[in-house]
Each structure stands twice: as structure tokens, then as C-alpha cells.
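Visitor: below are the sequence and a predicted model for it; my questions follow.
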Amino acid sequence: MKQTLAAALQARGYETLTPVQEAVADPAIAGADLLVSAQTGSGKTVGFGLAIAPAILGDAESFGAAGAPEALIIAPTRELALQVRRELSWLYAEAGAVMASCVGGMDARTERRALERGAHIVVATPGRLCDHLRRGALDLSQVKAVVLDEADQMLDLGFREDLETILEASNPERQTLLFSATVSPQIAQLAQRYQRDSQRIQVQGGAKQHSDIEYRAVIVAQGDQENAITNLLRFHEAPNAIVFANTRATVSRLVSRLTNRGFAVVGLSGELSQDERSHALQAMRDGRARVCVATDVAARGIDLPNLDLVIHAELPQSNEALLHRSGRTGRAGRKGISALIVPLRDRKKAERIMRFAKVEAEWGEAPSADAVLERDEARMLADPMWTDPSPETDAALVTQITEKYSAEEIAQAMVRQWRSLRSAPEELLPVDARAEKAPRTEPFGPSRWFTVTVGREGNANPRWLLPKICRAGNITREALGAIRIADELTYVEIADSAVEGFLEALGPDMEVAQGLVMEQVDGLPEELKSAPRGPKKPGGFKKEGGFKKEGGFRKEGGFKKEGGFRKEGGFKKEGGFKKKEGFGGPGGFKRKSEDGDFERPRRERAEGDKPKGKFGAKKSFKDTDGAHKKAGPKKHRKG
């Protein structure tokens, strides 16, 4: 190992290397192309920093003057790229490396000026790197090492063509390193095309994934997920925690709920600008925030210090997503907890995801309110403030307090002060509470009425509205009474016992969903009190017997007289449409000639007969005296 790099590791507090770092830094494979399978958080950033050192430094211990890039690191997201740059900056600081980054969301002109000044190592995302290549701002002909970090994610995000463009534009004699959590057929094909005699390194730690992460499956009653998240955060009191959700809407709701409960929270979702994301992450790093609520894509590649707790507010969509989420904690030898919030009805889905991910979880319920308070007491008694010496300037104040108040009064004040700085834990529903679906037989009891800004004109429907109210107000269906829909508003009855928690969960804006705002009212309007509840009277809108009198729309015998629509004999007279002799005899439609062929029958025309038209003989509309009328009996005619 280069002495400058060894000194940097020692200054950083490294005593031993992780398995992936030891494997890629092996002198026996120095300078070789590598295809490495390593888990997220295994220390691979420092690992490939050590692996490319022989290629970019050669026999020297430090770099010379900066010019065209000598090393290129490609990452799927800007957060991961910036994280890689920070790691390599301290690792190569003693070697005098000049770093540059090219990532989306940053000023491209500033990046081009940095490239013109020269850089030894460039860290970039594929899209921005291709943009600089097309503009001629980047020369890759002198690159000695190329690293593709999280190669599987870059292919999943559709960067295959960009990666091929970059690799084909770089020095063909380079060292190429591919780091991927899994080696799919696409990764193997990429390695076969752009690597030369690559060495395959797999450091998965056997069948057990993330050995430094303790997985827990927290079973909760339906609708009680947010209370369980609150108690988990309070129970563990992690220096930093991240809560994963599947949608931006859920991220916004959780940020609002946790903020109302007194947590220092930031949110990360795709709608944020780069500056907003950077400020949110910086708040987590400097301690201004301790909880980050994020979607999978927004949190990809972020590395937060002291991140000891990961909570899956919603189950991940796949086993790969579970591993990537959980990999935010337990990094580089640190221990961490990954807790899945599992509603009772989703237990089988959670078991299937964990089975495919090859992880084993400890099943249990969320910490109760009593368990949280008990943990608070233990933390308070173990706090160093009891034994840390106080400065001499406080001696006079301490004497005044001990002379004025008894030991019991001082302890009570201390307990009140300790608990005032923390949110109260939540009371959780029994896990099987929703399994009992017995109909309500007792009166609803004391209640209050609220309005929602949607009514019959907005197609309001109780089946659509009820789950939104329960979710936003963190209540169960049992807390809801009657629902009355007017033209412009919907009136909702909520049990008195649930109103306080309902208002706290909604917050000051009282918004249950976008465009739906609730407001407390004195009661139900008189015109709605008389509205019928429950099913209609037997028989619906019709009297007994339906819309028809006895016998239906028809008299006895139906629409027809006896004999149907036709007189006896049907539509035809005796003999049908044909003459008595049938189709083949005289007067039929056709006859058989002597030679066996069928021919159209001919009828001798009497003198004075007019030729028939297309639909038979023409009828005259003039009588002999010139009057216009139809001749013959009235009947249907075509044409």
C-alpha cells in the first residue's frame, strides 16, 4: 500500500480493513480488471480507492501537476457521486490529488472551468459526463482507471448507452473496475465487453445478508402504523434515523405528523431541488435534524453519520429495495437496526420479501407507551450529567437551590424537565383489534360533527372518503359515526374520545388530502337530520308488484290476441309463401330444365302488362281522374 494512503487511513482511525477492502487491495491483483460483488455499506468506496492507486500513481507516492483526468469514478446519483468525492478527497489528500465532480443539478460552466484547470480524479454521473464529452470539455484519452460504482443500479436507471459511450471514449489500456450488489446477466455482458481477463471477487458473507444489521418485523394493527413509528423512534433515540416511504405524498404526511409530535425532521423526495436536498442532508449531519423521511430513489446513495435506525413505514416493493434501504445503516462495521412496519394483513407479503432477500427478522410488536417511558427512565439515570463536574461559576447557584428546595423537589423538577424535551409515546391498538368485525349494537355515544369540503356535486362517496379521514386523522373506523352528504359539504360524526388525537394528527391546516379540508361544526343541519339512514324500505322505489299492475304491461295473453301476432295459420296463408305446388313445381321460383340445369321460371305476360321493376310491378300514384293516391292495398314496400 502507498505510504500516503496508509497515513490517511491511520489518521482517519482505521485499524483494520473490511473484507472487500482487503480483497481488492491484494498486491497479487494490482492493476487487474475487477468485477466485485459487495453489499451496500461494506466500505467499497475506500476499497476501490485503494485498488486504483497502483494504476494512477505508479511508482510515485504522490501526483504531479494536474492535467487530463487519470481516474474516472462513475456513480448513478449525484448524492452518491458527491459522497464518493468526499471519501476519496481525504484518502488522497496526502498524495496531493486534485478532485473534480460532474453531476446533474450543479452548474455545468463551473464544472467545465474545473476540468480546464486540470484534475487527477473525476467523479461523475453518466448523463452529465456524456454532456461534457459531447461539448469537447473532457478528455478521457489519458485515463488509467475507470470505476463503475453501483453498476446494477445504473443499468436499472437506463444508463447503459451512456456507459458504453463513456467506456468507448476512454483509454483502451485502462484498468476497469465494476462494483455491483448483484451480478445480473447484463452486468456480466458489460464486463465481458469492456474488461480484459477480469478477476471475480465476491464478498457477500455467505447466505446471511447484512450481518451488522439487526432486522425486526414489527406487527401492528391496521391504521396504527404512524403510532408504531413514533414509539420506535422514541424507544431507540438513535442519533440519526431514516424512515422510508413509497410515495412523495406519504413522505409529506409523515414529515407533518412527526414534526407535530416534536421530532426534528427533514424530508427527501423527488420534487426537491438540489439545494433543498443538500440543506436537508446537512441538517442531518450537523445535528439540527435527527429523522429523515425519504423515498427509495431520493435516498439512494446518501451516507449519513451515526445512522443507527432504519424504519420501513411501508413495505418495500422488492427484496432488492429492502437490502438497499437497510444498507443505509450498519455501514463499515457499525451496528444498526432495520425495522419493518407490518400491518397484520401484510404479514405474508413481508415474509416473502425477507425470504427472497435471505434475511431473518425477529417478529414482535412495537414498543408500548410503558416500555418507552421505562427506557426513558433508564437513559435519564445513566446520563453523564449526574457525574460530570459543574463549573465553579455554578457553585453559588447550586448552593441556593439545595438550601431552598428539598431533594425530592429537585428530583421532580429534573424529571419534568427531562420529559418536556421529549414527545409523549403513543398508546397502541391491540394487534388483533381489526380482526374482530362484529357489528356495532350499542349507541354511538357522545360525538362531534365535522364538515369536509366535498359533497354530492363533487361525487363524494363514504367508501372513498372514510379511509382518507382515518389515515389523515390517525383514527380507526370505530371512531367514526354517521356520514351525511349534502350538495357541497359532507358531515362526519367522530367520537368524543377520538377528537383530541384526531385534531392533533390533522394539524392546524385540517387537511385530510389535497383540496379536502375539515372544519368542526356545532351539529348536523336540520334538513339532514331527517334524511333516512340505512337501506331503503322493502321493495325499493316500486309498490308491491313493481312498476306494472297485476299481469305486467300486457293484458292476459300478452301483446297478442289469442293466436299470437298472426291469425291462425301464421304470417302465411295456407300454403306459406309458396304456391301449393312448392318450389319445384309449376308456379315455383325455379324449375329444372330438361338438361338438368336450374333456370329462372318465365311467365307469359298478358297484353297491357307493364314490366316489373326491381321490387315488383310499379304502383301508380294517379287514378284515372288524376287524383294522387296509392293503388292497391296498403302494405310495406322496399325502396
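Guide: In hand now; what should we look at? Numbers count the residues shown, from 1 in each chain.

Visitor: for the host helix or strand of Pro54, the averaged confidence score.
Guide: Under the criterion of DSSP states H and E, Pro54 resides in helix 53-57. For helix 53-57, the mean pLDDT works out to 90.

Visitor: just the CA atoms of the helix or strand following that helix, as PDB, please.
Guide: Using DSSP H and E, the helix or strand that follows helix 53-57 in sequence is strand 71-74. In PDB, the C-alpha atoms belonging to strand 71-74 read as follows (Å, rounded to 0.1, in the frame of the first residue of the first chain):
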ATOM      1  CA  ALA A  71      -9.000   8.200 -12.800                       C
ATOM      2  CA  LEU A  72     -12.700   8.300 -13.500                       C
ATOM      3  CA  ILE A  73     -15.400   7.200 -11.000                       C
ATOM      4  CA  ILE A  74     -19.000   6.900 -12.300                       C
END
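
Visitor: what is the burial count for Tyr405?
Guide: Tyr405 has 13 neighbouring residues, counting by other Cβ atoms under 10 Å. For the C-beta atoms, the positions are set from N, CA and C on the backbone; glycine is no exception.

Visitor: now it: closest residue in space that isn't a chain neighbour?
Guide: Leaving aside its chain neighbours, Tyr405 sits nearest to Ala413 (7.7 Å; criterion: Cβ to Cβ, 6 or more residues apart in numbering).

Visitor: just want the most central residue of this protein.
Guide: Closest residue to the average C-alpha location of the chain: Asn246 at 2.6 Å, with Cα atoms, centre = their mean.

Visitor: how close does that residue get to Leu397?
Guide: Going from Asn246 to Leu397 by Cβ to Cβ, to the nearest Å gives 52 Å.

Visitor: surely the residue nearest to the centre of the chain and Asp296 touch.
Guide: Yes: Asn246 lies in contact with Asp296 (Cβ atoms under 8 Å); the separation is 7.5 Å.

Visitor: which neighbours do the two have in common?
Guide: Pro316, Gln317 (Cβ atoms under 8 Å, 6 or more residues apart in numbering).

Visitor: about what we covered before: for the residue nearest to the centre of the chain, give me its contacts.
Guide: So Asn246 contacts Thr295, Asp296, Glu314, Pro316, Gln317 (Cβ under 8 Å, 6+ apart).

Visitor: how many neighbours does the residue nearest to the second one when sequence neighbours are not counted have?
Guide: Put plainly, it is Asp296. Among residues not flanking Asp296 along the chain, Ala321 sits closest, at 5.6 Å (Cβ to Cβ, 6+ apart). With neighbours defined by other Cβ under 10 Å, the count for Ala321 comes to 17.

Visitor: got it, and Ser420?
Guide: Residues near Ser420, counting by other Cβ under 10 Å, number 8.

Visitor: and the pLDDT for it?
Guide: The predicted local confidence for Ser420 is 85.

Visitor: before we move on, what about Ala95?
Guide: On pLDDT, Ala95 comes in at 90.

Visitor: next: Leu34.
Guide: For Leu34, pLDDT reads 90.

Visitor: tell me the contacts of it?
Guide: Contacts of Leu34 by Cβ under 8 Å, 6+ apart are Val24, Ala51, Leu177, Leu178, Ser198, Gln199, Ile201.

Visitor: tell me the phi and psi of it?
Guide: phi -130, psi 140 (degrees, to the nearest 10).

Visitor: which residue, neighbours along the chain excluded, lies closest to it?
Guide: Nearest non-adjacent residue to Leu34 (Cβ to Cβ, 6+ apart): Leu177, at 4.7 Å.

Visitor: which parts of the stretch 351-500 of the chain are strands?
Guide: 362-365, 447-452, 480-485, 490-495 (DSSP state E, counting those that start in this stretch).

Visitor: doesn't the residue nearest to Leu34 belong to a helix?
Guide: No: with DSSP: H, G, I helix; E, B strand; the rest coil as the criterion, Leu177 is strand rather than part of a helix.

Visitor: on the pLDDT front, check it for me.
Guide: pLDDT at Leu177 comes out at 91.

Visitor: repeat for Arg113
Guide: You'll see Arg113 listed with a pLDDT of 92.

Visitor: roughly how far does it sit from Ala119?
Guide: According to Cβ to Cβ, Arg113 and Ala119 sit 11 Å apart.

Visitor: so for the two, which sits in the more crowded spot?
Guide: Higher neighbour count among Arg113 and Ala119: Ala119, with 22 against 12, using other Cβ under 10 Å.

Visitor: my guess is the more buried one meets Ser101, correct?
Guide: No: using Cβ under 8 Å, Ala119 makes no contact with Ser101, being 9.1 Å away.

Visitor: burial measure for Ser368, as a count.
Guide: The burial count for Ser368: 15, using other Cβ under 10 Å.

Visitor: what of Gln175?
Guide: 23.

Visitor: bridge partners for it, pull those for me.
Guide: Note on Gln175: beta-bridge partners Ala145, judged by DSSP bridges.

Visitor: kindly report the same for the one 4 residues further on.
Guide: Phe179 has these beta-bridge partners by DSSP bridges: Val36.

Visitor: do the same with Arg200
Guide: Beta-bridge partners of Arg200, as defined by DSSP bridges: Leu35.

Visitor: that one contacts Leu35, correct?
Guide: Yes: in this structure Arg200 lies within contact range of Leu35 using Cβ under 8 Å: 5.2 Å.

Visitor: neighbour count for the two, which is higher?
Guide: Legend: neighbour count by other Cβ under 10 Å for Arg200 and Leu35, higher for Leu35 (23 against 11).

Visitor: and the gap between the residue nearest to Tyr405 and Ala407?
Guide: 11 Å.

Visitor: so these two - more neighbours on which side?
Guide: Counted by other Cβ under 10 Å, Ala413 and Ala407 do not tie: Ala413 has more neighbours, with 12 against 8.

Visitor: right, and Arg456 touches Ile485 too?
Guide: Yes: counting by Cβ under 8 Å, Ile485 is a contact partner of Arg456 at 5.4 Å.

Visitor: what's the closest of the strands of the stretch 351-500 of the chain to Ala60?
Guide: strand 362-365 (51.5 Å; Cβ to Cβ).

Visitor: what about the stretch 401-550 of the chain, any weak spots by pLDDT?
Guide: Filtered on pLDDT under 70, the stretch 401-550 of the chain yields the residue ranges 432-443, 530-550.

Visitor: same thing but at 50, please
Guide: Low-confidence segments of the stretch 401-550 of the chain (pLDDT under 50): 433-439, 533-550.
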